[in-house]
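1. Okay, sequence plus prediction incoming.
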Amino acid sequence: MPRVSAKRQITLPVDQCREVGIGPGDLFRSFVADGRITIVPLVPGAAKGCLRHLQGDLSLSDQDSLRSALPESER
């Protein structure tokens with residue numbers, strides 16, 4: 001089982017990397033959703049649909065949504 005090193009580095013299992021097409025030196029994005037870290041290779045379309053479970057609040061305007069995402073000091 002992989003462990004997090006003192007430098008917070010993680011070694012991904014080879015079979016998982018092969019399955020998603022990640023190789024040495026490849027770039028990726030990582031994000032946290034629902035308490036889980038997700039790693040997505042940086043290839044066109046790689047993240048398509050990965051946030052489809054999120055629901056937006058249609059009662060908010062774009063401006064209100066932006067304002068609610070900013071810290072109090074920047075509003």
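-> Yep, it's here. Numbering: from 1, shown residues only.

2. What separation is there between V14 and M1?
-> 14 Å (CB to CB, to the nearest Å). Just so you know, the C-beta spots here come from the backbone N, C-alpha and C atoms, and that holds for glycine as well.

3. no wait, D15
-> 13 Å.

4. Just name the shakiest helix or strand of this protein by mean pLDDT.
-> Ranked by mean pLDDT, DSSP states H and E, the weakest helix or strand in the chain is helix 62-69, scoring a mean of 86.

5. the strands in the protein, which residues?
-> When assigned using DSSP state E, the strands of the chain occupy the ranges 28-33, 36-41.

6. Pipe the ones you listed into JSON lines and attach distance to S5 and mean pLDDT per row.
-> Formatted as JSON lines, the strands of the chain follow (distance: least, CB to CB, whole Å; pLDDT from 0 to 100):
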{"stretch": "strand 28-33", "distance to S5": "16", "mean pLDDT": "90"}
{"stretch": "strand 36-41", "distance to S5": "15", "mean pLDDT": "88"}
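
7. mind giving me TSV with those and columns for distance to V20?
-> TSV is the format used below for these (distance: least, CB to CB, whole Å):
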stretch	distance to V20
strand 28-33	9
strand 36-41	6
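
8. need those strands in CSV with distance to R52 and mean neighbour count, can you?
-> What follows is the strands of the chain, written out as CSV (distance: least, CB to CB, whole Å; neighbours: other CB atoms under 10 Å):
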stretch, distance to R52, mean neighbour count
strand 28-33, 11, 11
strand 36-41, 13, 12
